[in-house]
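> Here's a sequence, model it:
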Amino acid sequence: MTAVQISQLASFRGIGPDCPMDLQVAGNSSYDLQKIISLSREVLKKSGSSLSEGEKLNIQEQLMIALLETGNVETAFDTYNDIAAKFPAQKSLRTTRLFGMYQEATGDHDAAFKTYKSALDRDETYLPIIRRVVGLMIGRGQRPQAIEQLVKYLDSFMQDAEGWLQISSLYLAENMYAQASFALEELILLRPGNHLYHLRYADVLGTMGNNVLALKHYCRAVELSTDNVRGLYGMRITISKLIAAVKVPGKSRGSDAAEGAPSLETLLDLYKLTEERLQDVYGSSGAKATIFSILKAWFRSSPIVK
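Have a look, this model is predicted:
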């Protein structure tokens, strides 16, 4: 039974708060804190002496974080002391991070910030602590400083998809759309199969007025997730803008607004396709008649002649 419990705890580590953002975005709801606490305690009690140092540390760390997240701060600190006895914070960045998390849980954010900064003086590329520092900066309203911290990190670790996702969100919060666009481009290069990233990139491109490229990424998002309503609506709105740009009298097909756009015939075909797909999606989901009537009214109100 213990082997099964250890395996369960390992699977929880793959979907916890420090897991890659791809999995968090997917909305996995299996992260059960109380179960983690009970399983960890049982394994440590029954088999703690037979576990390897690494496995025992993983479980103790998991237990401490779960206790902090459930508000059991003092009990979490007892677990921290068990960890620090074997791996002192002065020698272990991992233990230092746990102490900083304890300080955060007690509300002493200034002390936690100092703990993290001293750790980064020892290793400025240690991502788990960089995440904590960025989180504290955001909590203090220091988004520019958080961006600066992530830029330094990504200069050295350009393959970190999570870092690009986080910095893109910070850029958007600061209305820095060109920088957010660049960050999302890097993210898509690393994770081309994630439709959510294509959607976010398309939204940013549309905001910047690059409707041709926005349409391509909305189409790609729908290709990856065929029933994605947000992608279909994005396609429809973007196509409307492109058709309007193409039809503007006195403007050539090579105008800035429509340069590189599909032909008018193709745009109209895509526009009709979005209407059909949206009706199919709402129909298969058992949507109420009221939703259908609103949807059809919206379709009828379109100024575009099909």
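> Where does residue 132 sit: helix, strand or coil?
Following DSSP: H, G, I helix; E, B strand; the rest coil, we place residue 132 in the helix state.
> Now do it against residue 97, distance only.
For residue 132, the distance to residue 97 equals 6 Å [CB to CB, to the nearest Å]. All C-beta spots, glycine's among them, are computed from the backbone N, C-alpha and C.
> so which helix or strand takes in residue 61?
helix 53-69 (DSSP states H and E).
> Summarise which helices and strands that helix is packed against.
Contacting helix 53-69 under the criterion 3 or more CB pairs under 8 Å, 6 or more residues apart in numbering; DSSP states H and E are the following elements: helix 2-13, helix 33-47, helix 73-86, helix 93-105.
> Deepest in the core, which of those is it.
Most buried of these, by mean neighbour count (mean count of other CB atoms under 10 Å): helix 93-105, with a mean of 21.
> May I see the buried residues of the next helix or strand after that one?
Counting by DSSP H and E, the next helix or strand C-terminal to helix 93-105 is helix 109-122. The neighbour-count check on helix 109-122 (16 or more other CB atoms under 10 Å) flags 112, 113, 115, 116, 119, 120 as buried.
> how about the residue nearest to the third one when sequence neighbours are not counted, what does it touch?
Spatial nearest neighbour of residue 115, excluding adjacent residues (CB to CB, 6 or more residues apart in numbering): residue 100 at 4.1 Å. Contacts of residue 100 were listed using CB atoms under 8 Å, 6 or more residues apart in numbering, and they are 112, 115, 116, 119, 129, 132.
> In contact with residue 94, which residues?
The neighbours of residue 94, taking CB under 8 Å, 6+ apart as the test, are 57, 61, 87, 128.
> hmm, back to that, against residue 136, how distant is the residue nearest to residue 115?
9 Å.
> Which residues are in contact with each of the two?
112, 116.
> remind me which residues of the chain are low pLDDT?
1, 14-31, 248-258, 286-287, 289, 292, 303-306 (pLDDT under 70).
> export the helix of greatest length in the chain as PDB, just CAs?
For the chain, the helix that runs over the most residues, judged by DSSP state H, is helix 264-284. The C-alpha coordinates for helix 264-284 follow below in PDB (Å, rounded to 0.1, in the frame of the first residue of the first chain):
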ATOM      1  CA  LEU A 264     -12.900  38.400 -50.100                       C
ATOM      2  CA  GLU A 265     -14.400  35.100 -51.300                       C
ATOM      3  CA  THR A 266     -12.400  33.100 -48.700                       C
ATOM      4  CA  LEU A 267     -13.200  35.600 -45.900                       C
ATOM      5  CA  LEU A 268     -16.900  35.200 -46.700                       C
ATOM      6  CA  ASP A 269     -16.600  31.400 -46.700                       C
ATOM      7  CA  LEU A 270     -14.800  31.500 -43.400                       C
ATOM      8  CA  TYR A 271     -17.400  33.900 -41.900                       C
ATOM      9  CA  LYS A 272     -20.200  31.500 -42.900                       C
ATOM     10  CA  LEU A 273     -18.300  28.600 -41.500                       C
ATOM     11  CA  THR A 274     -18.000  30.300 -38.100                       C
ATOM     12  CA  GLU A 275     -21.800  30.700 -38.000                       C
ATOM     13  CA  GLU A 276     -22.300  27.000 -38.800                       C
ATOM     14  CA  ARG A 277     -19.800  25.800 -36.300                       C
ATOM     15  CA  LEU A 278     -21.200  28.000 -33.500                       C
ATOM     16  CA  GLN A 279     -24.700  26.700 -34.100                       C
ATOM     17  CA  ASP A 280     -23.300  23.100 -34.000                       C
ATOM     18  CA  VAL A 281     -21.400  23.700 -30.800                       C
ATOM     19  CA  TYR A 282     -24.300  25.300 -29.000                       C
ATOM     20  CA  GLY A 283     -26.600  22.600 -30.400                       C
ATOM     21  CA  SER A 284     -24.500  19.700 -29.200                       C
END
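> Only the buried residues of that helix, if you could.
Using 16+ other CB under 10 Å as the test for burial, helix 264-284 gives 267, 268, 270, 271, 273, 274, 275, 277, 278, 282.
> Next SSE downstream of it?
Next in sequence after helix 264-284, counting helices and strands by DSSP H and E, comes helix 289-300.
> In terms of secondary structure, what does that following helix contact?
Packing partners of helix 289-300 (3+ CB pairs under 8 Å, 6+ apart): helix 264-284.
> tell me how far the helix it packs on is from the chain's mean position?
29 Å (CA atoms, centre = their mean, to the nearest Å).
> Helix 289-300 and that helix, what's the angle between them?
Counting by axes from the mean of the first three to the mean of the last three CA atoms, to 10 degrees, helix 264-284 lies at 170 degrees to helix 289-300.
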